[in-house]
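S.K.: Just need the structure, nothing else, for what follows:
(chains A and B)
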Amino acid sequence: MRDVAVVSFAQTKNVRRENRRNEVEMLIPVVQEAIENGGVPKDEIGFYCSGSTDYLAGQSFSFVMAVDALGAWPPIAESHVEMDGAWALYEAWIKIQCGETDSALIFSFGRSSPGVVRETLTLQLDPYTLAPLGADPVCLAALQARALLDSSDHSEREMAEIAARNRADAKSNPYAQLTGDFDVDQLLAEPYFVSPLRKHDCPPISDGATAMVIAADDVARKASKKPAWIRGIDHRIESHQLGLRDLAKSTSTSLAGEKAGAVDIDVAELHAPFSHQELILRDALNLGDDVKVNPSGGALAANSVMVAGLTRIGEAANAIWNGDARRALGHATSGPCLQQNLVCVLEGE
Amino acid sequence: MSEEKQPIKSIVTPSRLEYDFTPGIATARFLRHMEQGRIVGQRCTECTKVYIPARGSCPRCGVETQEEVEVGPKGTVTTFCVVRVPSENIDLTLPYTAAHILLDGADIPFFALIQECDVADVRMGMRVEAVWAPEAEWGPTFENIRYFRPIDEADVPFDDFKEHL
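M.R.: Prediction:
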């Protein structure tokens, strides 16, 4: 295996409605920032991979137009996944492992504001039995929260505490969208949004974009004084049919964590758009109370679809760069109720 | 299996999503210029190419574009296609010509109709000009230009536009 490191990460501020700039105009500054900070000259970056979904833009092949942000002359090697950018990182990591390139730029973008994201994400369900029901992500997350509360000692108070903690931590994250100090008793006095979820248990609707540069071996050592080495990266998927899964557990996260070597973690950035999902993920990864979870505020503070997962890995790298962690974990999820999960373990020198 | 219970071979599950389109800063300015009857592209500060309609970046260099340059209204047919089959939603008399037109001052051609001309007379390198809708009908749209028509100018040699097919 080749040693591969994250050498830079850049992100836009997450906002409810980015209706001035298009996707390319959002991407240009973050792509340039990632390249400048990455230390790998642009003409030496051997591969580009993006994560996004045309369903958000409402335009087929919208990801092709995003390449306008890169500068594709002389010709570049480029690919795309219709997934969160964390999976674009996985593809780029595989490319490097195969020896096809020594460095890559990964980027992702997602604007939920042009459409109604609850309706858009309904179309990711199986088209025969689930999508026609109009079961949207909030309703399905509520089913999952109910399954967790009924089968464990976890409580709605813990969920409110998670929401309050994430949004308080997000106050020091200039890219976060929903931040502030919230009183748990007051949160619990609010009515249900979709029982047992209250509004504070749900993520904000966000527009945003990210870019990251990774590099192998000596290219990384030359480019960066402090490479965040990828010690393990793995992703696993569970059944599309929610009825075939135990929604209160995340076996795919457990498996991905085991394969990626998720032990001795100082900081974990978990992609948990709904508060109860942080409980499920902590259990799945056996994270003890000594692990700092989501110092960035996580997806409860900024949840640009297709972006928030790669952002968790970027924030895990930030934790290594700013000295908060020797070993940090970035997690990304995709699909309803944590259907698919990716775990990436990063380590400083 | 009884006749009442035939196997289900297909189902229809209609879906519909609505979007508010955001053109972006550069394309919004392009459309506002169109509303004023001007075709305005953007020039890349690095490679000096002029893009129309601009999308805010130079896809070749990957840098932001800001400098605005008025182009046209005359241009050159770089390549074309004669359409002889009817198509849904297109209300034109057959046959007609769809062409790539490189406006004077621009470095990228775009797709438009050629009219006021026999399809047999359309050729690569032919000079054309934009025919606009009446000013009262102008809006923030490319459709203000109804079509292009030939003008009495000498054809452009192939070598001068061969990069813009």
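
S.K.: Flag every residue of chain B that's near chain A.
M.R.: B:11, B:13, B:15, B:17-27, B:55-64 (CB under 8 Å from any CB of the partner chain). Just so you know, the C-beta spots here come from the backbone N, C-alpha and C atoms, and that holds for glycine as well.

S.K.: please redo it, this time with the cut-off set to 7 Å
M.R.: Applying CB under 7 Å from any CB of the partner chain, we find that chain B lies next to chain A at B:11, B:13, B:15, B:17-25, B:27, B:55-57, B:59-64.

S.K.: among the residues you listed, which ones are buried?
M.R.: With burial judged by 16 or more other CB atoms under 10 Å in any protein chain shown, the buried subset of the residues of chain B next to chain A is B:22-25, B:27, B:55-57, B:59-64.

S.K.: Turn the residues you listed into a markdown table, columns for secondary structure and pLDDT.
M.R.: Shown next, in a markdown table, are those (DSSP: H, G, I helix; E, B strand; the rest coil; pLDDT from 0 to 100):
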| residue | secondary structure | pLDDT |
| --- | --- | --- |
| B:Thr22 | coil | 86 |
| B:Pro23 | coil | 90 |
| B:Gly24 | coil | 93 |
| B:Ile25 | helix | 95 |
| B:Thr27 | helix | 94 |
| B:Arg55 | coil | 88 |
| B:Gly56 | coil | 91 |
| B:Ser57 | strand | 94 |
| B:Pro59 | coil | 92 |
| B:Arg60 | coil | 92 |
| B:Cys61 | coil | 93 |
| B:Gly62 | coil | 92 |
| B:Val63 | strand | 93 |
| B:Glu64 | strand | 94 |
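
S.K.: and of the residues you listed, the nearest to A:Ala228?
M.R.: B:Gly62 (24.9 Å; CB to CB).

S.K.: Identify the residues contacting whichever residue of chain B sits closest to chain A.
M.R.: The nearest approach of chain B to chain A comes at B:Gly62, 2.3 Å away (CB to the nearest CB). Shown in contact with B:Gly62 (CB atoms under 7 Å, 6 or more residues apart in numbering or on different chains): A:Ala69, A:Leu70, A:Gly71.

S.K.: Just give me the closest of those residues to chain B.
M.R.: Ranked by distance to chain B (CB to the nearest CB), the contacts of B:Gly62 are led by A:Gly71 at 2.3 Å.

S.K.: Chain B contacts on chain A?
M.R.: So chain A meets chain B at A:19-22, A:24-25, A:28, A:58, A:67-73, A:114-115, A:119-120, A:123, A:127-128, A:131-132 (CB under 7 Å from any CB).

S.K.: ok, which stretches of chain A are strands?
M.R.: For chain A, the strands defined by DSSP state E cover A:4-11, A:48-51, A:78-81, A:103-111, A:207-216, A:228-237, A:267-269, A:292-293, A:327-334, A:340-347.

S.K.: Dump these to TSV, plus mean pLDDT and mean neighbour count.
M.R.: Output for the strands of chain A, formatted as TSV (pLDDT from 0 to 100; neighbours: other CB atoms under 10 Å in any protein chain shown):
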stretch	mean pLDDT	mean neighbour count
strand A:4-11	98	26
strand A:48-51	98	26
strand A:78-81	97	18
strand A:103-111	97	29
strand A:207-216	98	29
strand A:228-237	98	21
strand A:267-269	98	28
strand A:292-293	98	20
strand A:327-334	98	28
strand A:340-347	98	27
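
S.K.: what stretches of the stretch 151-300 of chain A score poorly on pLDDT?
M.R.: The stretch 151-300 of chain A contains no residues with pLDDT under 70.

S.K.: could you pull out the helices for it?
M.R.: Using DSSP state H, counting those that start in this stretch, the helices of the stretch 151-300 of chain A run over residues A:156-169, A:184-188, A:217-223, A:251-260, A:275-284.

S.K.: what's the pLDDT at the one residue sitting closest to the centre of chain B?
M.R.: Central residue of chain B (CA atoms, centre = their mean): B:Phe111, 3.6 Å from the mean position. Note on B:Phe111: pLDDT of 93.

S.K.: which residues sit against whichever helix or strand it is part of?
M.R.: For B:Phe111, the element it lies in under DSSP states H and E is strand B:110-114. Residues outside strand B:110-114 that contact it (CB under 7 Å, 6+ apart) are B:52, B:77, B:80, B:96-101, B:122, B:128, B:145, B:147-148.

S.K.: right, and the helix or strand after it?
M.R.: Downstream of strand B:110-114, the next assigned helix or strand under DSSP H and E is strand B:127-132.

S.K.: what pairs with that next one, and is each one parallel or antiparallel?
M.R.: strand B:74-83 (antiparallel), strand B:145-150 (antiparallel) (DSSP bridges).

S.K.: Now do the residue nearest the centre of chain A against A:Ser108, distance only.
M.R.: Of all residues in chain A, the one closest to the mean position by CA atoms, centre = their mean is A:Gly309, 0.8 Å from it. Here the criterion is CB to CB, to the nearest Å. By it, A:Gly309 lies 8 Å from A:Ser108.

S.K.: between the two, what contacts are shared?
M.R.: Common neighbours of A:Gly309 and A:Ser108, counting by CB under 7 Å, 6+ apart, are A:Asp84, A:Gly85.

S.K.: Could you report the neighbour count for the residue lying closest to A:Arg236 once chain neighbours are set aside?
M.R.: With sequence-adjacent residues excluded and distances taken as CB to CB, 6 or more residues apart in numbering or on different chains, A:Arg236 is closest to A:Ser252, at 3.8 Å. A:Ser252 sits with 24 neighbouring residues when counted by other CB atoms under 10 Å in any protein chain shown.

S.K.: Spit out the contact partners of the nearest residue to A:Glu25 once chain neighbours are set aside.
M.R.: Closest residue in space to A:Glu25, ignoring its immediate chain neighbours: B:Gly56 at 4.3 Å, by CB to CB, 6+ apart. Residues counted as contacts of B:Gly56 (CB under 7 Å, 6+ apart) are A:Asn22, A:Val24, A:Glu25, B:Gly24, B:Ile25, B:Ala26, B:Glu64, B:Thr65.
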